[in-house]
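Chemist: Structure of the sequence below:
(2 chains)
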Amino acid sequence: MTTRTLISPARLSRPRGRILYWTVLFLVVAVFTLVFIGPLYWMVTSGLKDTEEFARIPPTLVPDAVHPGNYGEAWQVMELSQLLFNTLYYAFGALAFQLVLDVAAAYSLSKLRPVLGKAILGAMLVTLMIPATVLVVPQYLTVLDLPVFERNLLNTPWVIWLPSVTNAFNIFLLKRFFDSIPRELLDAAAIDGASPMRTLRSVVLPISRPILGVVSIFAVVGVWKDFLWPMLALPDPGKQTLNVGIYSLASGVPENWLLAALAMASLPTLILFLIFQRNIMSGLTAGGLKG
Amino acid sequence: MAPPTSTPTLTRRPAGTDDGAPRVKEPRQGAFARAVRRNLTAHAFLIGAVLCFGFFSWYPMVREVVLAFQKTENGVVSWAGWSNFVYVFNDPDFALAWRNTALFTLLALLLGFVVPFVIALVLNEFRHARGYLRLLVYLPVMLPPVASVLLFKYFYDPGHGLFNRLLELFGLPAQQWLQSSDTAMLSLVIASTWMNMGGACLIYLAALQTIPGELYEAAELDGAGLLRKIWHVTIPQTRLILSLLFLMQIIATMQVFTEPFLLTGGAGPEGSTTTVVHLIYQYAFNFNNYGAAAALGLVLLVVLAGFSAAYVRLNRAEQE
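Modeler: Residues are numbered from 1 along each chain as shown, chains lettered A, B, ... in the order given. Next up, the predicted model:
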């Protein structure tokens, strides 16, 4: 951590430098806290105010009277338990599908190397270059009437789970990690009589925990944050995600309830972030770049 | 399910030997059968992902192109030649949407490209509170977009929104923010920068930490001041990552949809926030004109393809 940066240590250790350093540090911490925590604080406390206090000008910094009941009301009226359950169901289902299918594919492409493997990987990576929003329309028409199976996937969880597997970026990350596992390790397992499946389970997966963590977090957060696709693919109010559900109910409820609902909807990913921040941040920078 | 494991002597080397004919030192008999079996196993591992890609990526890609040249009239699908493109190019909203998208991209670059870099530069100088500050910057990225977007909607409210209170505090005139065609786009960009810049900040920060300290020392010996050190050391040393993120920003911001859709209902005052993707959305889901939507999608694709190709090339350079 003591790498040399822009400003020389000698200058920093002078009294003037030190004062300046602490002043700037203090200012930045204060401004950042205000800019990034401030809105969240406003959201949580506004959810606690009653309608009269919420509309008051100028707004109160600390609620005069706390109404935690708003949170309960919002939970009930907006059927947040249903929306939350849906979102969790979609997110963890997508995670399961991605972990099973994408890991298997990356393992095959990296270690089993079948005929046409390179071409398949290439075709997967090409999808990264197609802007996601361009594909939304044909994808929508596809799930309306899935070819071969002739099924309408609209309003079913499949419409979230299966397309989530087509995450070429995750496959790329996984493959690159698997590539770094020494061949000898797998050969040793093969000599001991392990099948490819067994090798994957007992040798590859245990070493790959860090990358699996990163991929899992991105998978869950991806579903949690998605908006356009779930809005199109899950029009049934009872099947919607938190994002879409709250958006469609936003104009029909009192504003303090809405803010309470937003605070509750934000909580799960924030908690996830606070727990896994180290993995998320290292995955973000080590795993390369992601939009 | 498991293939026989009597061939542990595979000494295949990567690169170019994907012909399924491993060098086997055992009797030749059965080598072909083993290769077939090995390939079958490998493809069994692949099949799930390949099917998903087939149905939800590759097929829609083809369909996008087909749709662009088809029209549907009274439920009858027929070939339309270039008429969808002609329709799209003649739509008065076409130029407007591109202008807005370009403006959004430009503003988003000015803010969303420069601000994270400056933040990363400053954070990198600190010896304290760095973890906390990094956490803060990334916090909005984890919020569900409705939450952050609706929050901003309240802050932008001209009546009792927080931003106008702040302006008032500093003695500045109140703004109409999202409700005026002059400021709607800027308001969008500010919100979207707040929501999305965390990732870029962290990536810059990681890049800054790889700059060897000796370079700064050498620059100081040559009498370089702070700005010249940034210009002659920091920027050249992070040039690759800067250009990668620059392209990524362009690609991402040109596809902007959620922020305008949620903040201004998409079109905004006097159509001032109609973006290309919003126009695609309107064609497809408001007017049921899938042909026009696909045609405009292809146009966007072609425009972005140049940036995407450059990105891939740079990314490859960086991997090496």
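
Chemist: Sketch out the low-pLDDT regions of the stretch 151-291 of chain A for me.
Modeler: Where the stretch 151-291 of chain A drops to pLDDT under 70, the residues are A:285-291.

Chemist: Now for the residue in it that chain B sits nearest to, how many residues are close by?
Modeler: Closest approach between the stretch 151-291 of chain A and chain B, counting by CB to the nearest CB: A:S195, at 3.3 Å. For the C-beta atoms, the positions are set from N, CA and C on the backbone; glycine is no exception. Counted with other CB atoms under 10 Å in any protein chain shown, the neighbours of A:S195 add up to 16.

Chemist: same deal with B:A44?
Modeler: Neighbours around B:A44, by other CB under 10 Å: 16.

Chemist: Now chain B against chain A: closest residue?
Modeler: Nearest residue of chain B to chain A, counting by CB to the nearest CB: B:G213, 2.4 Å away.

Chemist: For B:Q237, see how far away that residue is.
Modeler: In this view, B:G213 and B:Q237 are 11 Å apart by CB to CB, to the nearest Å.

Chemist: Same check on B:F257?
Modeler: In terms of CB to CB, B:F257 sits 35 Å off from B:Q237.

Chemist: Can you give me the neighbour number for B:A191?
Modeler: 24.

Chemist: typo on my end, it should be A:V221
Modeler: Count around A:V221 with other CB under 10 Å applied: 19.

Chemist: again, but for B:N74
Modeler: B:N74 has 4 neighbouring residues, counting by other CB under 10 Å.

Chemist: With A:I246 instead?
Modeler: 24.

Chemist: Find the centremost residue of the chain, please.
Modeler: Let's take chain A. Nearest to the mean C-alpha position of chain A, by CA atoms, centre = their mean, lies A:V221 at 1.4 Å.

Chemist: that answer is for a different chain, and I need it for chain B
Modeler: With CA atoms, centre = their mean applied to chain B, the nearest residue to centre is B:A252, 3.2 Å.

Chemist: Is it correct that B:F246 falls within a helix?
Modeler: Yes: per DSSP: H, G, I helix; E, B strand; the rest coil, B:F246 lies within a helix segment.

Chemist: Looking at B:G213 and B:Q237, which one has more neighbours?
Modeler: B:Q237 (17 against 14).

Chemist: helix, strand or coil for the nearest residue to the more buried one once chain neighbours are set aside?
Modeler: Closest residue to B:Q237 apart from its sequence neighbours, by CB to CB, 6 or more residues apart in numbering or on different chains: B:I211 at 4.6 Å. Three-state assignment for B:I211 (three-state DSSP): coil.

Chemist: B:I211 against B:I241, yeah?
Modeler: No: if you go by CB atoms under 8 Å, B:I211 and B:I241 don't touch, sitting 11.0 Å apart.

Chemist: Give me the packing partners of the host helix or strand of B:L202, helices and strands only.
Modeler: Using DSSP states H and E, B:L202 maps to helix B:184-208. Using 3 or more CB pairs under 8 Å, 6 or more residues apart in numbering or on different chains; DSSP states H and E, the elements in contact with helix B:184-208 are helix A:255-286, helix B:92-125, helix B:130-138, helix B:145-156, helix B:239-253, helix B:258-264.

Chemist: mind putting these in CSV, distance to B:S57 included?
Modeler: Putting these into CSV (distance: least, CB to CB, whole Å) gives the following:
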stretch, distance to B:S57
helix A:255-286, 23
helix B:92-125, 24
helix B:130-138, 29
helix B:145-156, 23
helix B:239-253, 17
helix B:258-264, 21
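
Chemist: May I ask which helix or strand encompasses B:V77?
Modeler: Assigned by DSSP H and E, B:V77 falls in strand B:76-79.

Chemist: Next, the buried residues of whatever helix or strand comes next after that strand.
Modeler: Proceeding N to C from strand B:76-79, the next assigned helix or strand is helix B:83-90, under DSSP H and E. Under the neighbour-count criterion of 16 or more other CB atoms under 10 Å in any protein chain shown, helix B:83-90 has B:84-85, B:87-88 buried.

Chemist: any idea how far A:L101 is from chain B?
Modeler: Using CB to the nearest CB, to the nearest Å, A:L101 is found at 4 Å from chain B.

Chemist: Need the nearest residue in space to that residue, chain neighbours excluded.
Modeler: In space, A:L101 comes closest to B:G48 once its chain neighbours are excluded; the distance is 3.9 Å by CB to CB, 6+ apart.

Chemist: Let's verify that neighbour: helix, strand, or coil?
Modeler: With three-state DSSP as the criterion, B:G48 reads helix.

Chemist: hang on, isn't it packed against A:A104?
Modeler: Yes: if you go by CB under 8 Å, B:G48 and A:A104 touch, sitting 6.5 Å apart.

Chemist: of these two, who's got more company?
Modeler: When B:G48 and A:A104 are compared for neighbours, A:A104 comes out ahead with 21 against 17, by other CB under 10 Å.

Chemist: In which helix or strand does the residue lying closest to that one once chain neighbours are set aside reside?
Modeler: Closest residue in space to A:A104, ignoring its immediate chain neighbours: B:F45 at 4.3 Å, by CB to CB, 6+ apart. If you go by DSSP H and E, B:F45 is part of helix B:31-53.

Chemist: Using neighbour counts, pick out the buried residues of that helix.
Modeler: For helix B:31-53, burial by neighbour count (16+ other CB under 10 Å) applies to B:34-35, B:38-39, B:41-46, B:48-50, B:52-53.

Chemist: before we move on, the earlier item: how far away is the residue of the stretch 151-291 of chain A closest to chain B from A:S46?
Modeler: 58 Å.

Chemist: go on, A:P9?
Modeler: Distance of A:P9 to A:S46, computed by CB to CB: 45 Å.

Chemist: The two: who's more crowded?
Modeler: A:S46 (23 against 12).

Chemist: I'd say the more buried one and A:E53 touch.
Modeler: No: A:S46 is beyond contact range of A:E53, at 9.0 Å (criterion: CB under 8 Å).

Chemist: what about the helices in the stretch 1-150 of chain A?
Modeler: A:9-13, A:15-32, A:38-48, A:51-54, A:69-77, A:80-97, A:103-107, A:117-129, A:132-144 (DSSP state H, counting those that start in this stretch).

Chemist: Pick the most buried one from these.
Modeler: With neighbours taken as mean count of other CB atoms under 10 Å in any protein chain shown, the helices of the stretch 1-150 of chain A reach their highest mean count in helix A:103-107, at a mean of 25.

Chemist: So which residues make contact with that one?
Modeler: Helix A:103-107 is contacted by residues A:171, A:174-175, A:178, A:196, A:200, A:204-205, A:212, B:45-46, B:48-50 when judged by CB atoms under 8 Å, 6 or more residues apart in numbering or on different chains.

Chemist: Specify which member of the residues you listed is nearest to B:H278.
Modeler: The closest of these to B:H278 turns out to be A:I171 (CB to CB; 30.4 Å).

Chemist: can you tell me how far the closest one sits from A:V203?
Modeler: Noted for A:I171: a distance of 20 Å to A:V203, by CB to CB.
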